[in-house]
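[1] with the input below, show me the fold.
(one chain, ligands or ions: 2)
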Amino acid sequence: MEEQKKNMLSLIQPTNTPHLGNYLGAMQNWVKLQNDYNCYFGIADLHSITVRQDPVKLRNQIKESYALLIAAGLDPEKSTLFVQGHNSNHAELSWILSCYTQFGELSRMTQFKDKSAKHADNINAGLFTYPVLMAGDILLYQSDLVPVGADQKQHIEIARDIAIRFNNAYGETFKVPEGFIPKFGARVMSLQDPSMKMSKSDPNPNGFVAIMDDPSVIMKKFKRAVTDSDTFIAFDPENKPGVSNLLSIYTSFTGLTMDEAVKHFDGLGYGSLKTEVAEAVIAGLEPVQNEYKKILSDKAYLEKIMADGAEKASAQARKTLRKVYRKVGLA
Ligand code: ATP
Ligand code: LTN
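    Ligands and ions are numbered 1, 2, ... in the order given. Next up, the predicted model:
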């Protein structure tokens, strides 16, 4: 029954090029989970302006990434798909929660340290309070689970701490969320430097495979992937990070277990591994790419489901926000 399903929420930023890491670490799992949970998925546009964005580009990217959610297989009838900035409850709760978050704990966030090193000319307050906005995203929907890639662990942890602190001060208000991190695909590594996660901000485009890359580009990028100087194929992330990354990607697209995949490549060389992984990725992404183009070409449909999603999400979020106002004494 609807009431008994657990709640799940996750958002993705609309900026830069969505890649295999986003697909395998996030979207693909969201699609698998949408039948079993009450799901809220969306576009974290408010988070994306912590880094300076071009307004015209951002406006398009919000639509494009929303279309991609549907193209990846999320069904707007089953899940609530929304844009964070279309729902003012997020910004409101974020302010309130920022008064229950300590300067010290935000200073320890690794993403803040990384991003302020990368954008030294724009270390704005939003970059610092980013985790508070994210905690609000999660807590507004009374989320039980938050499916994300491994890089988001620390953000989930602080959301839990804030929820527990608030509940202790005012009585049960928020559900305390848990992260939901997939076994494989949680950390897709760069094809050029397998010690680093595949990232949209990678200045070397050969390091990442974009979801919308052409088949010939995907093949080329995999053929150039860094492996190692051995010749055998085994899953050993510590000693063979490049090969293990390729194997993980392969299992995510074929649905094979790691043992089955390793057996499949027994006796074959790195050339075959790279080609077969590329073929599996090309075949897996093809329907997503086709669907994406179709959805984006139907502006009226896109705008209608975006508006419906915002309305559904706002109604749910408002319930939690009202409770928070009452508890704090603002209402
Ligand atoms: P960047 O890699 O440029 O820092 P990001 O991590 O900010 O991008 P988002 O769009 O915010 O990217 O991430 C959306 C989702 O994709 C998150 O759940 C995140 O954990 C996941 N994700 C991002 N990169 C990877 C990766 N290399 N492997 C697995 N999951 C990833
Ligand atoms: N910080 C996340 C994006 C994000 C998110 C969220 C993920 C914003 N709000 C709420 C899960 C739940 C990122 O950069 N990947």
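[2] next, count neighbours for residue 211.
    For residue 211, the neighbour count with other Cβ atoms under 10 Å is 21. C-beta coordinates here come from the backbone N, C-alpha and C atoms, glycine included.
[3] wait, what's in contact with it?
    Applying Cβ atoms under 8 Å, 6 or more residues apart in numbering, one finds that residue 211 lies in contact with 17, 18, 19, 20, 22, 23, 68, 72, 285, 288, 289, 292.
[4] contacting residues for the fifth one?
    Spelled out, that is residue 22. Neighbours of residue 22 in contact, by Cβ under 8 Å, 6+ apart: 12, 149, 200, 211.
[5] in this structure residue 215 contacts residue 282, no?
    Yes. Using Cβ atoms under 8 Å as the test, residue 215 is close enough to residue 282 to be in contact (4.5 Å).
[6] related to what we said a few turns ago, now which of the contacts of residue 22 would you call buried?
    12, 149, 211 (16 or more other Cβ atoms under 10 Å).
[7] for those residues, which one is nearest ligand 2?
    residue 12 (6.1 Å; Cβ to the nearest ligand atom).
[8] who does that closest one bridge with?
    Beta bridges link residue 12 to residue 43, judged by DSSP bridges.
[9] from ligand 2, how far out is residue 324?
    Remark: distance between residue 324 and ligand 2 (Cβ to the nearest ligand atom, to the nearest Å) = 17 Å.
[10] mind checking pLDDT for that residue?
    What the model reports as pLDDT for residue 324 is 98.
[11] quick one on the thing from earlier: between residue 215 and residue 282, point out the one with more neighbours.
    residue 282 (20 against 15).
[12] the more buried one sits in which helix or strand?
    helix 270-297 (DSSP states H and E).
[13] low pLDDT regions in this structure?
    Within the chain, the segments meeting pLDDT under 70 span 1-3, 184-185.
[14] how about the residues of it near ligand 2?
    9-11, 13, 44, 47, 134, 137-138, 146, 148, 152, 155 (Cβ under 6 Å from any ligand atom).
[15] ok, the closest residue to residue 294 other than its chain neighbours - contacts?
    Distances taken as Cβ to Cβ, 6 or more residues apart in numbering put residue 71 closest to residue 294, at 8.0 Å, once the chain neighbours are dropped. By Cβ under 8 Å, 6+ apart, the residues touching residue 71 are 288, 289, 291, 292, 294, 295.
[16] closest to ligand 1 among the buried ones among the contacts of residue 22?
    Nearest to ligand 1 among those, with distances taken as Cβ to the nearest ligand atom, is residue 149, at 2.5 Å.
[17] pretty sure that closest one contacts residue 179?
    No. Look at residue 149 against residue 179 with Cβ under 8 Å: they stay out of range, at 9.9 Å.
[18] would you map the strands across this protein?
    6-12, 37-43, 80-83, 145-147, 178-180 (DSSP state E).
[19] nearest to residue 254 among the residues of the chain next to ligand 2?
    Set against residue 254, the nearest of these by Cβ to Cβ is residue 148 (23.3 Å).
[20] mind putting the contacts of residue 71 in JSON lines, neighbour count included?
    Shown next, in JSON lines, are those (neighbours: other Cβ atoms under 10 Å):
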{"residue": "288", "neighbour count": "18"}
{"residue": "289", "neighbour count": "17"}
{"residue": "291", "neighbour count": "16"}
{"residue": "292", "neighbour count": "21"}
{"residue": "294", "neighbour count": "13"}
{"residue": "295", "neighbour count": "20"}
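[21] TSV for those, including distance to residue 248?
    Below are the contacts of residue 71 laid out as TSV (distance: Cβ to Cβ, whole Å):
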residue	distance to residue 248
288	19
289	22
291	25
292	24
294	30
295	29
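[22] and which of the residues you listed is nearest to ligand 1?
    Using Cβ to the nearest ligand atom, the contacts of residue 71 come closest to ligand 1 at residue 288, 15.1 Å.
[23] state the distance from the closest residue to that closest one other than its chain neighbours to residue 126.
    Nearest residue to residue 288, sequence neighbours excluded (Cβ to Cβ, 6+ apart): residue 71, at 5.0 Å. Residue 71 is 29 Å from residue 126, where distance means Cβ to Cβ, to the nearest Å.
[24] ok, now residue 7?
    With Cβ to Cβ as the criterion, residue 7 and residue 126 are 26 Å apart.
[25] ok, stretch 56-66 near ligand 1 or not?
    No. Judged by Cβ under 6 Å from any ligand atom, stretch 56-66 and ligand 1 are separated, with a smallest distance of 8.2 Å.
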